[in-house]
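*Asks:* got a predicted structure here, sequence first:
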Amino acid sequence: MSQVSLRFYEELNDFLPGSLRKRAFEKSFTPTQSIKHLIENLGVPHTEVEIILVNGRSVDLNHQLQEGDRISVYPMFESLDVTPLLRLRPGPLRTPRFIADAHLGKLARHLRLLGFDTLFFNQAGDRDLAALSAGERRILLTRDRALLMHRVITHGCFIHAIEPQLQLRELIQRLDLQRQCKPFTRCMACNGRLQTAGKNRIEEELPNRVRQTYNEFWRCSDCGRIYWKGGHYRQLRDFISNVTRPELAGSGLTQSEV
Ligand SMILES: [Zn+2]
């Protein structure tokens with residue numbers, strides 16, 4: 001049977017069985033197998049791969065394997081100029097928009113709090129998530145590798161962390177989102193945009209205590225929910241500055257709930 005030699009770099013090793021990490025290894029293949037298929041058979045979703053070199057030359061995911069190919073697989077480079085190489089996808093999406101799978105509801109709410117357009121459904125099949133991601137050019141967020149292996153998905157992120165706040169931090173770092181945050185502009189419940197609302201127009205809908213204490217209000221343009229800078233606001237502001245401060249990378253975070 002024909003064989004190729006493979007080596008995965010950096011965090012891509014996390015997807016491999018222990019015995020294959022951080023070293024070159026041989027793998028057999030069938031004549032019609034694409035490189036996408038080979039890499040995903042080893043457990044690495046194509047969305048996590050940025051550059052593939054075969055015998056020193058960059059190739060795309062459809063590359064047909066040849067006996068003796070030496071294959072190097074790299075994740076996204078954060079600080080290296082790789083423009084001479086063929087990237088697997090046409091650069092980052094200009095405005096990052098997301099769709100989170102059913103297990104990442106809290107991360108979805110966090111992203112909305114930061115102003116990112118993020119779809120989330122309690123129940124949505126893999127096929128629907130993949131189709132929405134591709135059709136609406138949304139980055140698919142999931143901890144399900146098999147979901148990311150759908151061919152139609154061009155932009156997806158495997159989320160490594162378990163705790164929602166760390167998941168948010170991981171995503172902000174990976175996609176360099178710090179400067180694109182627009183906190184308090186989107187409804188955390190439904191993803192609608194918030195608009196300022198004159199107190200006189202919503203007064204009747206407010207609880208007495210709120211009417212007496214606050215003067216600034218926002219209303220969700222989709223679900224109508226009303227927001228104000230209540231007692232929770234300071235906590236949310238602290239949460240946001242915590243997760244978006246780059247110098248906190250890798251350090252412990254406060255566990256404030258949102
Ligand atoms: Zn809403």
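*Replies:* Okay, I see it.
*Asks:* contact partners for Lys182?
*Replies:* For Lys182, the contacting residues are 114-115, by C-beta atoms under 8 Å, 6 or more residues apart in numbering. Using the backbone N, CA and C atoms, a C-beta is placed for each residue, glycine as well.
*Asks:* Ser72: neighbouring residues, count only.
*Replies:* The tally of other residues near Ser72 (other C-beta atoms under 10 Å) stands at 17.
*Asks:* now do Glu26
*Replies:* 8.
*Asks:* how close does it get to the ion?
*Replies:* Distance from Glu26 to the ion, counting by C-beta to the ion, to the nearest Å: 54 Å.
*Asks:* spit out the contact partners of that residue.
*Replies:* Neighbours of Glu26 in contact, by C-beta under 8 Å, 6+ apart: 3-6.
*Asks:* repeat that for 6 Å
*Replies:* If a contact means C-beta atoms under 6 Å, 6 or more residues apart in numbering, then Glu26 has 3, 5 as its contacts.
*Asks:* that one belongs to a helix, doesn't it?
*Replies:* No: the secondary structure assignment for Glu26 gives strand rather than a helix, going by DSSP: H, G, I helix; E, B strand; the rest coil.
*Asks:* ok, what's across the strand from it?
*Replies:* In this entry, Glu26 is beta-bridged to Ser5, by DSSP bridges.
*Asks:* any idea how far it is from Arg112?
*Replies:* Note on Glu26: its distance to Arg112, by C-beta to C-beta, to the nearest Å, is 46 Å.
*Asks:* residue boundaries of the helices in this protein?
*Replies:* 35-41, 105-113, 126-135, 145-148, 164-175, 199-202, 208-213, 232-244 (DSSP state H).
*Asks:* just say which of those is most tucked in.
*Replies:* Burial among these, expressed as mean neighbours by mean count of other C-beta atoms under 10 Å, is greatest for helix 105-113, which shows a mean of 22.
*Asks:* and that helix, what does it pack against?
*Replies:* When contacts are defined as 3 or more C-beta pairs under 6 Å, 6 or more residues apart in numbering; DSSP states H and E, helix 105-113 sits against strand 98-100, strand 118-120, helix 164-175.
*Asks:* who touches the first one?
*Replies:* Contacts to strand 98-100, defined as C-beta under 6 Å, 6+ apart, come from residues 107-108, 111, 118-120, 132-133, 138-141.
*Asks:* just to revisit the earlier point, for the ion, find the nearest of the helices of the chain.
*Replies:* Across the helices of the chain, the minimum distance to the ion, taken as C-beta to the ion, is reached by helix 105-113, at 9.2 Å.
*Asks:* is that closest one in proximity to the ion?
*Replies:* No: Helix 105-113 does not reach the ion (C-beta under 5 Å from the ion); its nearest approach is 9.2 Å.
*Asks:* would you pull up how far that helix lies from the middle of the chain?
*Replies:* Once both centres are worked out by C-alpha atoms, centre = their mean, to the nearest Å, helix 105-113 turns out to sit 11 Å from its chain's centre.
*Asks:* now it - C-alpha only, PDB.
*Replies:* Output of helix 105-113 as PDB, limited to C-alpha atoms (Å, rounded to 0.1, in the frame of the first residue of the first chain):
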ATOM      1  CA  GLY A 105     -24.900  28.900  24.600                       C
ATOM      2  CA  LYS A 106     -23.000  30.700  27.200                       C
ATOM      3  CA  LEU A 107     -20.200  31.600  24.800                       C
ATOM      4  CA  ALA A 108     -22.800  32.800  22.400                       C
ATOM      5  CA  ARG A 109     -24.200  35.200  25.000                       C
ATOM      6  CA  HIS A 110     -20.700  36.400  25.900                       C
ATOM      7  CA  LEU A 111     -20.100  37.200  22.200                       C
ATOM      8  CA  ARG A 112     -23.300  39.100  21.900                       C
ATOM      9  CA  LEU A 113     -22.400  41.100  25.000                       C
END
